[in-house]
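Colleague: Pasted the sequence and its predicted model underneath.
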Amino acid sequence: MMWIRWQKIIYVLQLARLEFLFASVSNLWLIVMLAPVVEPESRLSLPMADLSRIGAMGVTAVIAAGLAAFGIALNDVLDVRHDRTFSPQRPIPAGRVAMRMGVVLALVCLLAALLGGVWLGRSSAVICLMAAVGAILYNTTWKHLPATGIIALGLMWALSMFIPHPHMGFVWPVAMNMTHVMACATIVHYLRGKRPRFETGEWIMLASGWLFWTGMLVALAMQRGGAADGKWTTAIIGPAIAFAMFAPIACWIVIRGWRPLRRRVAATRRFARLAILWVILYDAAWMLSLSMWREGVFFLVLFIAAAGSVKLLDLLDPFTRPQPTFRLRIPSARSLPPTS
């Protein structure tokens, strides 16, 4: 009985995809720790200022994990027919998690995230609601349009980072994470051979969308004074080093698994996981560049814990798969051949 309960917990964790949860929580924790250092007091959220750091991390963890789990569960519920053919190993099409459980999980996570946003004030609640609506539109419409879906995905990652402090001006971590997510989502789309494929118009739309929203973030930083803080310009050194480390590792994974086709699927999955988890290393790099050594080490430990948890679920997967059952069919008297 105890093992059955653990199986159900593992199934739910597989549905939630821990790499997305850890990366989403890490993004908001970065802002919780970074904003009081680089932002003037006038741009800090008052409800966040009233909380201790532990309390702020707890509330933002609920918001980040809730929004991420809502989007992922909604995606799996809406794509169950597609996944039964192309991704039968996922929890819902594999029968490990019932469709009703996926719907309940999505609604509970959404409610928890919205309540956490309300706790942090009106602006944070509005941003939470916008991110939730974006997740619904992405899973129902936008993801079927390659360039539009990738731009929307990057914007949702960027938007969620404003939840702790909606009026912050130091938006460079936001711009970097948005760029990273959009670039990696484009690579994953290409590697998986998703349809529709990128045409010239899609590439132009994707580049234009990235330029437009990056320009909007730069304009926001200039308007709020976040671009004029020259003493923080050296903070980009750490994230730049983290990116320089990511590029060759990602290329090695993709090239090594490109052929044959069955290895390409596994290589694409490893690349997608690495791309999401690498966001945590960007967060650590920002902390270390600002000489916030304790916080930087904390994010490094978080990265190790996230990667270890994802790997542990992979190792447990063969032991949690439902075993096939065989039933002996007893022929009826009508099906028996006549006797002489």
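Modeller: On my side now, so go ahead.

Colleague: all helices for the chain, in order.
Modeller: Under the criterion DSSP state H, helices of the chain are mapped to 2-16, 18-38, 46-49, 53-78, 80-86, 99-119, 122-140, 146-160, 172-191, 200-224, 237-256, 261-289, 293-320.

Colleague: Out of the ones you listed, which gets nearest to residue 166?
Modeller: Proximity to residue 166 (C-beta to C-beta) singles out helix 122-140 among the helices of the chain, at 3.9 Å. (Each C-beta comes from the backbone N, C-alpha and C, glycine too.)

Colleague: Against which helices or strands is the closest one packed?
Modeller: Counting contacts by 3 or more C-beta pairs under 8 Å, 6 or more residues apart in numbering; DSSP states H and E, helix 122-140 is packed against helix 53-78, helix 99-119, helix 146-160.

Colleague: separation between residue 70 and residue 234?
Modeller: Distance of residue 70 to residue 234, computed by C-beta to C-beta, to the nearest Å: 37 Å.

Colleague: okay, those two: which has more neighbours?
Modeller: A direct count of neighbours by other C-beta atoms under 10 Å for residue 70 and residue 234 places residue 70 higher, at 26 against 11.

Colleague: list the contacts for that one?
Modeller: 106, 109, 110, 113, 132, 135 (C-beta atoms under 8 Å, 6 or more residues apart in numbering).

Colleague: Could you report the neighbour count for the residue nearest to the first one when sequence neighbours are not counted?
Modeller: Nearest residue to residue 106 in three dimensions, chain neighbours excluded: residue 73, at 3.9 Å (C-beta to C-beta, 6 or more residues apart in numbering). Around residue 73 there are 28 other residues, counting by other C-beta under 10 Å.

Colleague: cool, the one 5 residues further on as well?
Modeller: Residues within reach of residue 78, counting by other C-beta under 10 Å, total 16.

Colleague: what sits against the residue lying closest to residue 17 once chain neighbours are set aside?
Modeller: Nearest non-adjacent residue to residue 17, counting by C-beta to C-beta, 6+ apart: residue 72, 5.4 Å away. The neighbours of residue 72, taking C-beta under 8 Å, 6+ apart as the test, are 15, 16, 17, 20.

Colleague: Cool, thanks, talk later.
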